[in-house]
Structures are given as C-alpha cells and as structure tokens.
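How does the following fold in three dimensions:
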Amino acid sequence: MSLNDRIKEYSVPITLVAFVTLLAVVYISLKGQDTFLLALSAGALGGLLHELFQSGGKIALIEPHKDGYYLGSLAGMLFGAVAGIMAARFFLTGGADQHGVSQLAYDTFLAGLSLKGLAEAASGTPTL
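Model prediction:
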C-alpha cells in the first residue's frame, strides 16, 4: 500500500487530530499572548475547518476531480496559515492597526476560512 493510499484511508482521523491540535495551539497562544503563533494557528484552523465543513475531512491531500481540484485538509491548513499571517501583518509589525489579541484571532481565523474556499473555487471548472 502506497503512502498516498494510506493517507486517503486515514484522512478523517488525520484531519480530526490536526483540528484538536490546532485548537490547543490557538488556546495556548491566546493565553500566552503570542501573536505570531496565534496568527499562524488561527488561520490554519480556519482553512482546516473549511475542509471539515466541505468534505467532512475525507480529503487530506489535493485531489483532481471532474469539477476541479479539491485541496484537502493539509493544503487548507497551509493556505489558512499564510492568510492568517497576511491578515495580521500590521499587528505583528507594530503598525497603526492595533487591536486586541482576541480580534487578531478572529481576523486570522476568517482569513484562513475564506482563502481556502477562494483557492478551491478558482481552481474549479464551471459546471452548468
């Protein structure tokens, strides 16, 4: 059995473990006021949650389908983490847009949630 087949077989448990791990990291970074880790983890959690709602965690890796590419949980976490860092850039660099850490968590979570969906929609082929 190849590694890709094994990952497909265990994609739901992999996704759930990643979800619980990211929840713990978000909680720890909120309590510790670690803004960079919070931006990374909340964004990744948003991307992962999008995949959980979309496929129930059944897709872990990128898969081609008739209507486009499905990015899966791991790509969703990566895109979400990048979006979280981009959304938090002013907060992390000490720019003028300063708000509380809870607002940072909210902003980065939504950025991760939306970028994963946007990337998947852009990779699709229109079906009528």
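
so who does the closest residue to L40 other than its chain neighbours touch?
Counting by C-beta to C-beta, 6 or more residues apart in numbering, L40 lies nearest to A81, which is 4.9 Å off, once chain neighbours are set aside. Quick note: C-beta positions are derived from backbone N, CA and C, even for glycine. Going by C-beta atoms under 8 Å, 6 or more residues apart in numbering, A81 touches 40-41, 43-44, 47, 112.

residues of the helix or strand hosting A81 that come out buried?
If you go by DSSP states H and E, A81 is part of helix 72-87. Within helix 72-87, the residues that count as buried by 16 or more other C-beta atoms under 10 Å are 72-85, 87.

and which of these is nearest L22?
Nearest to L22 among the buried residues of helix 72-87, counting by C-beta to C-beta, is M77 at 7.4 Å.

Verify the stated contact: the closest one with H50.
No. Counting by C-beta atoms under 8 Å, M77 sits too far from H50 to count as a contact (9.9 Å).

S73 is in contact with S11, correct?
Yes. Counting by C-beta under 8 Å, S11 touches S73, with 7.0 Å between them.

what touches both of those two?
Shared contacts of S11 and S73 (C-beta under 8 Å, 6+ apart): 57, 59-60.

out of those, which is most surrounded?
A60 (24 neighbours; other C-beta atoms under 10 Å).

which SS class is that residue?
Classification of A60 using DSSP: H, G, I helix; E, B strand; the rest coil returns coil.

pLDDT wise, what is it at?
We have a pLDDT of 84 for A60.

burial count for the residue nearest to it when sequence neighbours are not counted?
Using C-beta to C-beta, 6+ apart and skipping residues adjacent in sequence, the residue nearest A60 is S11, 3.7 Å away. S11: 21 surrounding residues under other C-beta under 10 Å.

I'd like to know how far S11 sits from A18.
Counting by C-beta to C-beta, to the nearest Å, the separation of S11 from A18 is 10 Å.

next one: Y27
Taking C-beta to C-beta, one finds Y27 at 15 Å from A18.

Compare the two (neighbour count), which wins?
Between Y27 and A18, counted using other C-beta under 10 Å, the more crowded position is A18 (21 against 13).
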